[in-house]
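J.: Fold the stuff below for me.
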Amino acid sequence: MRIVVHGQQAFGEAVLTKLLENGENIVAVCTAPDKEGRPVDPLKQLALDNDIPVHQPASWKTPEAAALMQSFDADVCMMAYVLLFVPSEVLNIPKYGSFQYHPSLLPMHRGPSSINWPIATGATQTGLTIFWPDDGLDEGPVLLQKTCSIGPDETLGDVYFNKLFPMGVDAMLESLELVKSGTAPKIVQDLSQGTYESWFGKNEAKLDWSLSAQEVYNVIRAANPQPSAWTTHDGNILKLFDSRLGNGSGNPGEVLRAEGNEIEIAAAEGSIVVTRVRADAGKISAEDYISKSGLEAGLILGT
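T.: Numbering: from 1, shown residues only. Alright, predicted model coming up:
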């Protein structure tokens, strides 16, 4: 098969690596345009190292972009982490179309922050979907799905790098084999049974200490490492990373302990024990922050 790989960053690189190891015929790699001052995208670099033509359209919504895809004479396009919108007239140019990786169990958590949201809402399971994209937002027919657990203390980084990333690479290769064999399904999504959420950004990562400790902890886990949960101390943003549930009690946002390498903060029900934070100086241990900031028991955060 003549394969186009469209993607970027580490996930795109990992998919291309597997395809090359399997001796697949990669006729082109498409990736996002370069950003000034940023390192070369690892997918682009791997393609160049293997003499694979690289293309970086700023938009896929042009006649020129459609002509580019047509020029590949591709059997299939594998979309491994694509953020630019690609219209259906381009998606459908390869003989067998284009399939894409999405890190949630569609139709649940359609949208750009599909790993953050299930963690933030306290879900204990998520997964990935390989689907046939169309002009909707993650609404195309499903080709393949895989599930994984969300452990009670797992963060965004844990779930993605330890589970959804490696599972996703394997699922992309499995999907290619289904396309080759002519058995790749196209299961229409029932959107009425799903959800769409926009970006899990700074506003969503702001901590509300009037919620239960479990709800606060879920947000901290969902935002670790990005976009990072935050509160305020003396009017300055304080980002919270490594933490665990505690059993202390006090007024919401009250610092119950600031000793050793632990800062314990009260929520409406229970408490959060934090061991790594980020302030102006960058990510530091709780112990360093306590000594440098003067944080002490009795202070109220988030006011």
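J.: per-residue confidence for residue 283?
T.: Listed pLDDT for residue 283 reads 86.
J.: Now the helix or strand of the chain at the bottom of the mean pLDDT ranking: buried residues?
T.: Ranking every helix and strand in the chain by mean pLDDT, DSSP states H and E puts strand 282-285 at the bottom, with a mean of 87. Buried residues in strand 282-285, counting neighbours by 16 or more other Cβ atoms under 10 Å, are found at residue 284. Where C-beta positions appear, they are placed from N, C-alpha and C, glycine not excepted.
J.: contacts for whichever helix or strand comes after it?
T.: Elements were assigned by DSSP states H and E; along the chain past strand 282-285, the next helix or strand is helix 286-293. Identification of contacts with helix 286-293 by Cβ atoms under 8 Å, 6 or more residues apart in numbering yields 233-234, 238, 258-263, 274-277, 279, 281, 284, 295-296.
J.: which ones among these are found in helices?
T.: Among the contacts of helix 286-293, none falls in helices (DSSP state H).
J.: quick one: buried residues of the longest helix along the chain?
T.: Ranked by residue count and defined by DSSP H, the top helix of the chain is helix 165-181. Across helix 165-181, burial judged by 16+ other Cβ under 10 Å covers 165, 167, 168, 169, 171, 172, 173, 175, 176, 179.
J.: With respect to residue 147, which of those residues is nearest?
T.: Set against residue 147, the nearest of the buried residues of helix 165-181 by Cβ to Cβ is residue 167 (9.2 Å).
J.: ok, that closest one to residue 274 distance?
T.: From residue 167 across to residue 274, the span is 30 Å (Cβ to Cβ, to the nearest Å).
J.: where in the protein is pLDDT low?
T.: For the chain, applying pLDDT under 70 flags the ranges 281.
J.: one more time with 90, if that's ok
T.: Across the chain, the ranges flagged by pLDDT under 90 are 279-283, 303.
J.: domains of it?
T.: Under the assignment automatic domain parsing, the domains of the chain span 2-193, 202-293.
J.: any chance you could map the strands in the stretch 101-250 of the chain?
T.: All strands of the stretch 101-250 of the chain, identified by DSSP state E, counting those that start in this stretch, fall at 125-131, 142-149, 229-233, 236-240, 243-246.
J.: circling back to that earlier point, quick one: contacts of the longest helix of the chain?
T.: 1, 3, 10-11, 14-15, 18-19, 22, 24, 76, 78, 80, 96, 99, 101, 103, 127-128, 130, 143-144, 146, 148, 184-185.
J.: Show me how to select, in PyMOL, the buried members of the residues you listed.
T.: Buried residues among the contacts of helix 165-181 (16+ other Cβ under 10 Å), as a PyMOL selection:
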select buried, resi 3+11+14+15+19+24+76+78+80+96+99+101+103+127+128+130+143+144+146+148+184
